[in-house]
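Undergrad: Need a 3D model of the sequence below.
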Amino acid sequence: MSDKKTAVVGMSGGVDSSVAAYLLKQQGYEVIGVTMQIWQEKDGVTAEREGGCCGISAVDDARRVAEVIGIPYYVMNFRDIFREKVMDYFSAEYLKGRTPNPCIACNRYVKWEALLRKSIAIGADMIATGHYARIRKLENGRLAIAGSATEAKDQTYALYGLTQEQLAHTILPIGDYDKPTVRKIAEEAGLPVAHKHDSQEICFIPDDDYASFVEKDTGVHLPEGNFVTKDGRILGRHRGIIHYTVGQRRGLGLPMGERVFVTQIRPETNEVVIGGAEDVCTDTVRADHLTFMGIPDLPFGHPERFIGKIRYNHRGAACTAERTGDDEITCVFDSPVRAPAPGQALVLYRDGWVAGGGIIK
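TA: Model (predicted):
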C-alpha cells in the first residue's frame, strides 16, 4: 500500500491550477484532478458559450492538462451548492442595495467546504488550488493565509473565510511563485494552457452586466427612483438600485458640473444618494458575519491594531479594530478610506497574514 499522500486539485482549466497539479505530482503526491461543475444550464451549447472558470471549455482544457501530467481526472457536480451559496446570495444582496463578493462565498462554501468533504470521502488527504497565497503556522498554533511571493497577484483577501480545519487540509503550491514563473513552468512542462489568458469576469456573468443577470435570475424588475442628496434634495432619476454601488462615479447621467459619487443606496425608499468626494470617504467601517483565522477572536474591551482591506484591490491601511457587538467589529482607520461598500469584505491583516474579517455593514 502506498504511503504517498493524495491531493485533489481543483482544476479550472487555467494555467495556475494546472501548474499546481503539476508541481504536486513532481513532489510525489498522488494527484487527482477535479473540475467543479457549477454551470446551471443543462444543454452543452449554453454552457460552452458562457464558458467561465468551470464551463465546458474549462473542462476540456483541464482534461488535456491531466493527460499531459499523467493524473486521473474527474468532473464533480457542485451545481446545487453553487446555486444556493453563490448565485442566490449574489442576487439577494444586490436586491438589498449591497455589493457582494461572490468569489469569497465560492471559496468558502464550494471550493473548500463542498470539495473538501467530497475529497475526504474518496480517501484524499488534501485539496489544492491555484491561488496565489501561502499558509503559515503561527506562534499561537493557528494556521493563517499569508501573502504570496508576488504582491501583483496576491489573493489572500478572497480566502479570509477559510476555517482552521479547511486550512489544515489545504496546499497552495504556487504561492511561492509569480505569474511569469508559473507560465514558464507550464511551458517547460508542455502544458497546453501555458499562455491561456486569465479570466477576469465573474464566471456566471461573463458579460459583466450584473443588473440584467439579477433581474433575469430573480424575475424581479426594480423600478426607477430618485437620485437624492444626503439631506433629501432630488437631483434626478436613476434606473434601479441594482445598477449602482457605493463609490461609483461613471454612468450616473447626472449633469452636475462636478465629479459626484454614489455615497449610499437606500432600498427601503428606492433612493440612490449622491455626494462629493468628501462624502464617499470615512474613517469608520463596521462589519458583521465575522470569521477569525490567525487570531481566535477579538474580545470586547480589547481593541487591536491591524492593516485593514475593504476591497480586493485596496492596498490596505492601518486601523484599530474592536468588538462592538456579538457579531460586529468596528474598525477605525488612521486616515479615511474611500467608499467601503456594504456587502464587500473587511479583511484584517497582521504581519502579512490574515487575522480575520467580516462583511461590511
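
Undergrad: mind checking pLDDT for Glu151?
TA: pLDDT for Glu151: 77.

Undergrad: who's in contact with it?
TA: For Glu151, the contact set (CB atoms under 8 Å, 6 or more residues apart in numbering) is empty. Any C-beta I mention is one placed from the backbone N, CA and C, and that applies to glycine too.

Undergrad: all strands in the stretch 251-361 of the chain, in order from the N-terminus.
TA: 261-266, 271-275, 281-292, 304-309, 317-325, 328-338, 345-350, 353-360 (DSSP state E, counting those that start in this stretch).

Undergrad: could I get these as JSON lines with distance to Arg108?
TA: JSON lines is the format used below for the strands of the stretch 251-361 of the chain (distance: least, CB to CB, whole Å):
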{"stretch": "strand 261-266", "distance to Arg108": "25"}
{"stretch": "strand 271-275", "distance to Arg108": "30"}
{"stretch": "strand 281-292", "distance to Arg108": "8"}
{"stretch": "strand 304-309", "distance to Arg108": "17"}
{"stretch": "strand 317-325", "distance to Arg108": "21"}
{"stretch": "strand 328-338", "distance to Arg108": "18"}
{"stretch": "strand 345-350", "distance to Arg108": "11"}
{"stretch": "strand 353-360", "distance to Arg108": "11"}
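
Undergrad: Mean neighbour count added to those, as a markdown table?
TA: A markdown table is the format used below for the strands of the stretch 251-361 of the chain (neighbours: other CB atoms under 10 Å):
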| stretch | mean neighbour count |
| --- | --- |
| strand 261-266 | 20 |
| strand 271-275 | 22 |
| strand 281-292 | 17 |
| strand 304-309 | 20 |
| strand 317-325 | 17 |
| strand 328-338 | 17 |
| strand 345-350 | 25 |
| strand 353-360 | 24 |
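
Undergrad: Tell me which of those lies nearest to Val9.
TA: Nearest of these to Val9, taken as CB to CB: strand 353-360 at 22.3 Å.

Undergrad: quick check: mean pLDDT across the helix or strand harbouring Leu24?
TA: Following DSSP states H and E, one finds Leu24 within helix 15-26. On average, the pLDDT along helix 15-26 is 97.

Undergrad: mind checking how far the helix or strand just after it is from the chain centre?
TA: In the C-terminal direction, the helix or strand that comes right after helix 15-26 (DSSP H and E) is strand 30-37. The chain centroid and the centroid of strand 30-37 are separated by 20 Å under CA atoms, centre = their mean, to the nearest Å.

Undergrad: helices or strands next to strand 30-37 in the packing?
TA: strand 6-10, helix 15-26, helix 56-69, strand 73-77, helix 115-121 (3 or more CB pairs under 8 Å, 6 or more residues apart in numbering; DSSP states H and E).

Undergrad: Please consider this matter closed, and thank you.
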